[in-house]
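Chemist: What follows is a predicted structure for the sequence shown.
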Amino acid sequence: MSSAPALLVIAHGSRDPRHAETVHALTGRARELRPGLRVETAFLDFNTPSVGQALSALYLSGVREVVALPLLLTRAFHAKSDIPAALAESASRLPGLSVRVADVLGPSPLLLGALDSRLTEAGLTPADRSTTAVVLASAGSTDPEAIAVIAETAREWRHTGWCAVRPAFASAALPRTEDAVRALRAEGFERVAVAPYVIAPGRLPDRIAAGAEAAGADVLAGVLGAAPELATLLLRRYDAAASAPARLPALTA
């Protein structure tokens, strides 16, 4: 067995079975990229195993060091509250277990690369960038920090060549996807694409797709899913947490 800490990827969870399937596909790709690294998956809600169940299973198999990685694009409520609470509860009842918490996935140039790849798969070419306006459609949050990160991500992505990039949200914040599409159209952009800034399918990604359709978007990309850029990003976040414990939160019984 590898002496490196195990990687526990913590996803939100969903009643939609496509969510867990996508998360497992992503963690499977990370395993392929890093043979010998133990990679496990846990969910905050709806799916199993829970964070506590996954940590208990790792512990019973002899693992004493874990890097917990929130499968989230921004640092909002789940990253700041739910995940630390679940990890602390487990650490308190598993003597000798050390858990280091990795950063959330965003922001990262790798995520912008994954968004570009999804738009290419949806039919856009590099030549279309300068004549296409894009709606960066995220799940949404009530956390001002998370909203600011989405807005900054849209600005950074705009600098890669798209003629416009505007943020939108499926819940908790405005504008909605359909309103952002209509606003871009009203400004005179002839081609408008919607790029879901979400990892896995579910209720909110479906709401993004419905909004894109309702407003007549020309292109709708797929969710980020098990993109190779995301698998690479998981391992980068893991490596940073595993190699620099002094700079990261540590939960030790």
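Modeler: Sure thing, it's come through.
Chemist: So residue 226 belongs to a helix, correct?
Modeler: No - when classified by DSSP: H, G, I helix; E, B strand; the rest coil, residue 226 is found to be coil rather than part of a helix.
Chemist: wait, what's in contact with it?
Modeler: Going by C-beta atoms under 8 Å, 6 or more residues apart in numbering, residue 226 touches 22, 25, 26, 28, 29. Using the backbone N, CA and C atoms, a C-beta is placed for each residue, glycine as well.
Chemist: Let's see that with 6 Å instead.
Modeler: 25, 26, 29 (C-beta atoms under 6 Å, 6 or more residues apart in numbering).
Chemist: so the second one is in which element?
Modeler: In this structure, residue 26 is located in helix 17-33 according to DSSP states H and E.
Chemist: Which one of the contacts of residue 226 sits in the busiest neighbourhood?
Modeler: residue 26 (24 neighbours; other C-beta atoms under 10 Å).
Chemist: Residue 11 versus that residue, what's the distance?
Modeler: Distance, residue 26 to residue 11, using C-beta to C-beta, to the nearest Å: 9 Å.
Chemist: and if you look at residue 25?
Modeler: Taken as C-beta to C-beta, the span from residue 25 to residue 11 is 12 Å.
Chemist: The closest residue to residue 225 other than its chain neighbours: how many residues sit nearby?
Modeler: Closest residue to residue 225 apart from its sequence neighbours, by C-beta to C-beta, 6 or more residues apart in numbering: residue 22 at 5.1 Å. When neighbours are counted by other C-beta under 10 Å, residue 22 registers 21.
Chemist: how much space is there between residue 22 and residue 133?
Modeler: In terms of C-beta to C-beta, residue 22 sits 27 Å off from residue 133.
Chemist: try residue 54
Modeler: 42 Å.
Chemist: where does the chain have low pLDDT?
Modeler: 1-2, 77-78, 244-253 (pLDDT under 70).
Chemist: So which residues of it form helices?
Modeler: 17-33, 51-60, 77, 83-93, 109-121, 144-158, 177-186, 203-214, 228-243 (DSSP state H).
Chemist: quick one, which of the ones you listed is nearest to residue 70?
Modeler: Smallest distance to residue 70 across the helices of the chain (C-beta to C-beta): 5.3 Å, for helix 83-93.
Chemist: Now do the buried residues in the closest one.
Modeler: 83, 84, 86, 87, 90, 91 (16 or more other C-beta atoms under 10 Å).
Chemist: Quick check: the third one touching residue 51?
Modeler: Put plainly, it is residue 86. Yes - the pair residue 86 / residue 51 is scored as a contact, 3.9 Å apart, by C-beta atoms under 6 Å.
Chemist: can you tell me which residues contact the nearest residue to residue 38 once chain neighbours are set aside?
Modeler: Leaving out its chain neighbours, the residue that sits closest to residue 38 by C-beta to C-beta, 6+ apart is residue 6, at 4.2 Å. Neighbour list for residue 6: 38, 58, 63, 66 [criterion: C-beta under 6 Å, 6+ apart].
Chemist: And for residue 44?
Modeler: 12, 13, 82.
Chemist: what about 10 Å?
Modeler: Listed by C-beta atoms under 10 Å, 6 or more residues apart in numbering, the contact partners of residue 44 are 10-13, 50-51, 70-72, 78, 82-83, 86.
Chemist: which residues are common contacts for residue 86 and residue 51?
Modeler: Joint contacts of residue 86 and residue 51 (C-beta under 10 Å, 6+ apart) are 10, 42, 44, 68.
Chemist: so which of these comes closest to residue 183?
Modeler: residue 44 (33.5 Å).
Chemist: Run a quick neighbour tally on residue 210.
Modeler: The number of residues packed near residue 210 is 13, by other C-beta under 10 Å.
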